[in-house]
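**Student:** no sequence on this one, just coordinates:
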């Protein structure tokens, strides 16, 4: 979940922003070899310019007039080095420390010619004190472009130490983890960083390189400071880096590999390019020689891929036997793309159910939109796989098989909305075997902020008993709190479509949700109290829409707001260390619900943050489900 942007105007409306143009940032120094990452600055790192994070603000909106956190930057052929220092007697280590302290998040952006906010970027999260239970928070990609990613940063080194009243956090980030950004091959690199310092029991101070109240927010462009990089120089040997000009192409097209070579003396380097299958087998390989005078040489070579069939490949480029190879993913897409799939769907309509036909129409529409939005560095593997699956379903339909209607497990379906005629998706969990002639309970599970319906049943927060049907509405967006954008209409229409296509029992529907989806549970019950037998809220926030969207949306902590819940049955869980949706609010809400006449079973786990519940709470949840549905 993003932070509440309570300090936006305190930062952006004052006099601090123009200082950026008055203080030119020094160029990022080149280091021939990476420093040791142990939380103590080596001499070479200590000599780097200490750049102040000059924009600091408390979480109550109060700006600090004397910033005191500094950032050192350096780069090498294979890495970006970052060192942060702040006065401290100890390092705070909260849940999601990259948001709540002590940790940081950092953006690397493709700059625009006019310097405007970028929609092509990485936002990375770092929690140096994360324990084993929260190891996924330690170093990860938070956003890739405007979408949530939550993928680990492999090979990244992070360490922190507090000594003599100063906390030092060191990061060594491989350039490969933020492909294709590289100082020698990128037209430019924009940078921003926010160090989040924990204060007191729950307080936070945000220290920015450049103030950006959307730095933590999904579906938003990012602001940045353009970086300049010092010219590199080697004492001995050679370094190199390579990228593809595109990481996807259509059959019959050619692509180029762009490389940069840094040498300490005039050399001729033997380069080898290999094309590998998705299984790792070498399909072809060719050698070339690179004439590299002393210093930096940038060049390109052609990759022979124009005769490849559609599929996933790897391009491996090696410039010496001693240096590891550069490996880049490549997707080859069918030249026909999705152009003829709609025509084939029309011919297949008589062979499949109406619901399956609408679902296929949405999948084709979605693939076309994704193709149109591809960036050069996208490998396009999800699109390639989606098109191949549509092809398989259409082939089966020509034989009279309805693959969508007969599929179990997780199925992404769609309906045509009566609101505006658009195709809208939702996800379903279908038990492996449905009892013939019997209706089964339905669990409607609302996704969290920054996610969509696809995340709920595929490793996400959605928990559905094995003999239930599960429904994850999309809600027409990732972050509307189910309180705008026809989100409530979407929930109703998705549930109606599920009941029309599967044997769900409309009298045994349970509404549940995690984080933003937890708020969505309260909001949806307010809209349609008679549709749900019971409600389950995991780490929800009772006033989220007011904080995200502004006044005019329900605040369930407001006087009288809980009167409609009289007689409702709720299961509520919250983590005692949750700072994204503060647990104190849920405690107040539970008291208010009980006072309003609701039946509430409340579970709190003291060591949990903004997380899913542990096994004991889940066992209690399963028992509660059986009880309320009996």
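**Tutor:** Done, it's in. If you're wondering where the values come from, they're calculated on a predicted model, not measured in any experiment.
**Student:** where's the residue at minimal distance from the centre of the chain relative to residue 448, distance?
**Tutor:** The centre of the chain sits closest to residue 148, judged by Cα atoms, centre = their mean, with a distance of 1.7 Å. Distance, residue 148 to residue 448, by Cβ to Cβ, to the nearest Å: 9 Å. The way it works is simple: take the backbone N, C-alpha and C, and place the C-beta from them, glycine included.
**Student:** still on that earlier bit, which residue sits closest to the residue nearest to the centre of the chain, ignoring its sequence neighbours?
**Tutor:** Leaving aside its sequence neighbours, residue 148 sits nearest to residue 450 (Cβ to Cβ, 6 or more residues apart in numbering; 4.3 Å).
**Student:** Please report phi then psi for the one you found.
**Tutor:** When quoted as degrees, to the nearest 10, the phi and psi of residue 450 stand at phi 80, psi 0.
**Student:** Where does pLDDT dip in the stretch 451-600 of the chain?
**Tutor:** Within the stretch 451-600 of the chain, the segments meeting pLDDT under 70 span 460-461.
**Student:** Okay, and the beta partners of the nearest residue to residue 92 once chain neighbours are set aside?
**Tutor:** Counting by Cβ to Cβ, 6+ apart, residue 92 lies nearest to residue 198, which is 3.3 Å off, once chain neighbours are set aside. As for beta bridges, residue 198 partners with residue 204 under DSSP bridges.
**Student:** Would you confirm that residue 198 contacts residue 94?
**Tutor:** Yes. The pair residue 198 / residue 94 is scored as a contact, 5.7 Å apart, by Cβ atoms under 8 Å.
**Student:** Between these two, tell me which one has more neighbours.
**Tutor:** Shown here are residue 198 and residue 94; by other Cβ atoms under 10 Å, residue 94 has more neighbours (23 against 20).
**Student:** Distance-wise, check the more buried one relative to residue 428.
**Tutor:** 36 Å.
**Student:** next one: residue 58
**Tutor:** 45 Å.
**Student:** So those two - more neighbours on which side?
**Tutor:** Shown here are residue 58 and residue 428; by other Cβ under 10 Å, residue 428 has more neighbours (25 against 17).
**Student:** you'd agree the more buried one is up against residue 499?
**Tutor:** No. Residue 428 is beyond contact range of residue 499, at 11.1 Å (criterion: Cβ under 8 Å).
**Student:** still on that earlier bit, and the residue nearest to residue 92, what is it in contact with?
**Tutor:** 92, 94, 97, 100, 101, 102, 204 (Cβ atoms under 8 Å, 6 or more residues apart in numbering).
**Student:** try residue 500
**Tutor:** Residue 500 touches residue 355, counting by Cβ under 8 Å, 6+ apart.
**Student:** so it sits in a helix?
**Tutor:** Yes. Checked against DSSP: H, G, I helix; E, B strand; the rest coil, residue 500 lies within a helix.
**Student:** Tell me, please, the helix or strand in the protein that averages the lowest pLDDT.
**Tutor:** Lowest on mean pLDDT, DSSP states H and E among the helices and strands of the chain sits helix 8-12, with a mean of 28.
**Student:** immediately after the host helix or strand of residue 524, which helix or strand?
**Tutor:** Here residue 524 is covered by helix 516-527, with elements defined by DSSP states H and E. Using DSSP H and E, the helix or strand that directly follows helix 516-527 along the chain is strand 534-538.
**Student:** Other residues contacting that following strand?
**Tutor:** 461, 510-515, 517-518, 521-522, 525, 568-574, 612-613, 621, 624-625, 628-629.
**Student:** Go through the residues you listed and flag which are in strands.
**Tutor:** 510, 511, 512, 513, 514, 569, 570, 571, 572, 573, 574 (DSSP state E).
**Student:** Spit out the residues that contact residue 198 and residue 94 alike.
**Tutor:** 100, 101, 102.
**Student:** So which of those is the closest to residue 421?
**Tutor:** residue 100 (43.1 Å; Cβ to Cβ).
**Student:** quick one on the thing from earlier: if I read this right, the residue nearest to residue 148 contacts residue 477, doesn't it?
**Tutor:** No. Contact between residue 450 and residue 477 fails when scored by Cβ under 8 Å: they sit 10.3 Å apart.
**Student:** And those two? Which one has more around it.
**Tutor:** residue 450 (23 against 16).
**Student:** Which pLDDT value goes with the more buried one?
**Tutor:** Predicted confidence (pLDDT) at residue 450: the value is 87.
**Student:** Report the contact partners of the residue lying closest to residue 397 once chain neighbours are set aside.
**Tutor:** With sequence-adjacent residues excluded and distances taken as Cβ to Cβ, 6+ apart, residue 397 is closest to residue 348, at 3.9 Å. Residues near residue 348 by Cβ under 8 Å, 6+ apart: 357, 360, 394, 397, 398.
**Student:** want to throw the shared contacts of residue 198 and residue 94 into TSV with distance to residue 174 and pLDDT?
**Tutor:** Shown next, in TSV, are those (distance: Cβ to Cβ, whole Å; pLDDT from 0 to 100):
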residue	distance to residue 174	pLDDT
100	26	94
101	26	93
102	24	95
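**Student:** Could you single out the nearest of these to residue 42?
**Tutor:** residue 102 (22.1 Å).
**Student:** give me phi/psi at the closest residue to the closest one other than its chain neighbours?
**Tutor:** Residue nearest to residue 102 in three dimensions, not counting chain neighbours: residue 92, with 4.4 Å by Cβ to Cβ, 6+ apart. Dihedral angles of residue 92 (phi, psi; degrees, to the nearest 10) stand at phi -70, psi 140.
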